[in-house]
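> Got a predicted structure here, sequence first:
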Amino acid sequence: MKINDPAAVARQYANEANLEARRSLYANAEGPDPRELAFDAIAEFDPRRVLEVGGGPGELAWRLCTELNCEVIMLDISERMVELARGRGVDAHVGDVQELPFEDASFDCAVAAWMLFHVPEVDRAIAELARVLRPGGRLVAVTNASHHLEELRALAGTAAWERTFTRENAPEILGRHFPYVERRDADGWVTIEDEQTIFGFISSLDSDAPIEVPPYELPLRSRRATSIFIATK
């Protein structure tokens, strides 16, 4: 599977099973929580109107609504993710970040957490996010480093997704559309104590190739490396 192939992405998020399999990897995580750093990057800006793209089941959008008392609109290409977000009370809609259905300068803040690597034309997506932000508005984008979970990815072999939008190339890509880009890192470790979690992760990658997992020992410790980018218009 190519991480930004539209058909493969549609299969990935037709339901929540694959997403939950990957989320389970972080049950025993050490170090800063990137979700909290992303929330803080939004909260400190005190936005009144927020757009979240690729918001999945809607946890962050719901939290922004309830804790920051701001208007939040969420878009996701998956009908199932939109259904789950609406179940939380989020104003969620099916939509494509590459073609946003909003007027110029209509949001204070935009959020793209762990989703820009799924977009076929990432420059087009970021240009659209910049367009709908007001002057001085900010985009909070979250992604992983190229070595994120490398010990675990080694077990997946060729099934592991290639990285497209990463910690390493995000500053250059974002810098083509925003004059100011700041990076905040959330690095640490995860400890995986059971085979079911490892095989659940590998199965979630939706690979057509036969997978032969090399020998490994439990518990498996794998380094995690995530960055929160704050791009200001």
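Alright, I've got the coordinates.

> Number of residues surrounding residue 69?
As a burial measure, residue 69 scores 8 neighbours (other Cβ atoms under 10 Å). (Each C-beta comes from the backbone N, C-alpha and C, glycine too.)

> Local confidence estimate at it?
For residue 69, the model assigns a pLDDT of 95.

> which residues does it contact?
Contact criterion Cβ atoms under 8 Å, 6 or more residues apart in numbering gives no residues in contact with residue 69.

> what do you get for the one 3 residues further on?
Contact analysis of residue 72 by Cβ under 8 Å, 6+ apart lists 49, 50, 51, 52, 61, 64, 65, 90, 91.

> swap in residue 200?
Under the criterion of Cβ under 8 Å, 6+ apart, the neighbours of residue 200 are 21, 24.

> rerun that using 10 Å as the cut-off
Applying Cβ atoms under 10 Å, 6 or more residues apart in numbering, we find residue 200 in contact with 17, 18, 20, 21, 22, 24, 25, 194.

> so where do the helices sit in this structure?
In order along the chain, the chain carries the following helices (DSSP state H): 6-12, 17-23, 34-43, 59-68, 79-87, 122-132, 150-156, 170-175, 195-204.

> Adding distance to residue 214, write those helices out as a markdown table.
Listed next are the helices of the chain as a markdown table, based on distance: least, Cβ to Cβ, whole Å:
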| stretch | distance to residue 214 |
| --- | --- |
| helix 6-12 | 25 |
| helix 17-23 | 20 |
| helix 34-43 | 29 |
| helix 59-68 | 34 |
| helix 79-87 | 33 |
| helix 122-132 | 32 |
| helix 150-156 | 6 |
| helix 170-175 | 31 |
| helix 195-204 | 11 |
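
> For residue 139, which of these is the nearest?
Across the helices of the chain, residue 139 has its closest neighbour in helix 122-132 (5.3 Å, Cβ to Cβ).

> which residues touch that closest one?
When contacts are defined by Cβ under 10 Å, 6+ apart, helix 122-132 is touched by residues 4, 51, 53-54, 96-107, 110-112, 115-116, 118-119, 121, 137, 139, 141, 164-165, 169-170, 173-178, 231, 233.
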